[in-house]
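S.K.: no sequence on hand, only this structure:
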C-alpha cells in the first residue's frame, strides 16, 4: 500500500468481488434504507426534504454499484464492498477511529444536525435509526464505497483521501451548517477512514467509525 501513497493503483485494486455477502448487503440496503427513507419523506413533514435528499443519494449509490458490477472492465470507477479477511482488525480500527474523532469535536451532541434533533414528529427511535444507520449507510455508500475508492485508485491514497474528505466536509457544511471544529472533525474522520478502508480494501473501518461517532453523539444529546 505504501507504494501507492501518491501514485495511482492498478485498475480494480479497490473494487471488491461480488460474492454472497456483497449481494446480501445490497438487498438489505433496499429494505432497511431505501424503503424507510421513502416512507419518512412522505409521512414526516419536518424530515421530508432531508430524507428525500438521502433517498436520492442512496438510489444513486445503488445504481453506481450495480453498473460497476455488471461491467467492471468498462466502468471507469471503483466500488468498495466488504472483505471478510481480518474482519476483527477492520472493526477494531474503526472503533478506535470513531472514539478518537469524538475528542476532536467540542460538544459531541452538536454532531447531530438540528434538523433531526429538533424534529418533534419523530420519535427517539426514528432519530436513532436515521442518524446511526439510515443516513450513515447512504453516506458510506457514496463517500467510502464509490468516491474514495475511485479517487484513491486513480490518483493515489493521499490525494484521493484528501479530496474525498474535502467533498465530505463541504457536503455537510452545505446541508447542516455546522461550526469549524466539527467540520475539521469530519475531515479527519473521512481522511483517516478512507486510508483505513484502502489498507484493508474494505468499507468496514469507516462504517464502524461512522456508527460509533453518531451513536455517541445521540447519547450526548440524550436521545439514546
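M.R.: Here it is on my side, so go on. Worth saying up front: this structure is predicted, and the values here are computed from it rather than measured.
S.K.: who touches the residue nearest to residue 155 when sequence neighbours are not counted in this structure?
M.R.: Using C-beta to C-beta, 6 or more residues apart in numbering and skipping residues adjacent in sequence, the residue nearest residue 155 is residue 8, 6.4 Å away. Where you see a C-beta, it was placed from the backbone N, CA and C, and this is true even at glycine. The contact partners of residue 8, by C-beta atoms under 8 Å, 6 or more residues apart in numbering, come to 153, 154, 155, 156.
S.K.: could you export those residues as TSV, including pLDDT, neighbour count and secondary structure?
M.R.: Output for these, formatted as TSV (pLDDT from 0 to 100; neighbours: other C-beta atoms under 10 Å; DSSP: H, G, I helix; E, B strand; the rest coil):
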residue	pLDDT	neighbour count	secondary structure
153	94	23	helix
154	93	16	helix
155	95	18	helix
156	95	18	coil
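S.K.: can I get these in a markdown table with distance to residue 120?
M.R.: Formatted as a markdown table, the contacts of residue 8 follow (distance: C-beta to C-beta, whole Å):
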| residue | distance to residue 120 |
| --- | --- |
| 153 | 44 |
| 154 | 45 |
| 155 | 45 |
| 156 | 47 |
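S.K.: low pLDDT regions in the protein?
M.R.: 16-19, 21, 72-73, 105-106 (pLDDT under 70).
S.K.: so which strand or helix has residue 158?
M.R.: helix 157-176 (DSSP states H and E).
S.K.: counting contacts, what elements does that helix pack onto?
M.R.: Where contact means 3 or more C-beta pairs under 8 Å, 6 or more residues apart in numbering; DSSP states H and E, helix 157-176 is packed against helix 149-155, helix 180-200.
S.K.: can you do 10 Å?
M.R.: When contacts are defined as 3 or more C-beta pairs under 10 Å, 6 or more residues apart in numbering; DSSP states H and E, helix 157-176 packs onto helix 48-70, helix 114-117, helix 135-139, helix 149-155, helix 180-200.
S.K.: for residue 77, which of these is the nearest?
M.R.: Comparison of the helices and strands packed on helix 157-176 against residue 77 by C-beta to C-beta identifies helix 149-155 as nearest, at 4.3 Å.
S.K.: give me the contact list for that closest one.
M.R.: With contacts defined as C-beta atoms under 10 Å, 6 or more residues apart in numbering, helix 149-155 is touched by 4, 6-16, 64, 68, 75-81, 143, 157-164, 167, 194-195, 197-198, 201, 203.
S.K.: now, of the residues you listed, which are buried?
M.R.: 4, 9, 14-16, 64, 68, 77-81, 143, 157-164, 167, 194-195, 197-198, 201, 203 (16 or more other C-beta atoms under 10 Å).
S.K.: chain neighbours aside, what residue packs nearest to the residue nearest in space to the middle of the chain?
M.R.: In the chain, the centroid-proximal residue (C-alpha atoms, centre = their mean) is residue 140; its distance is 2.1 Å. Among residues not flanking residue 140 along the chain, residue 207 sits closest, at 4.9 Å (C-beta to C-beta, 6+ apart).
S.K.: alright, calling it a day.
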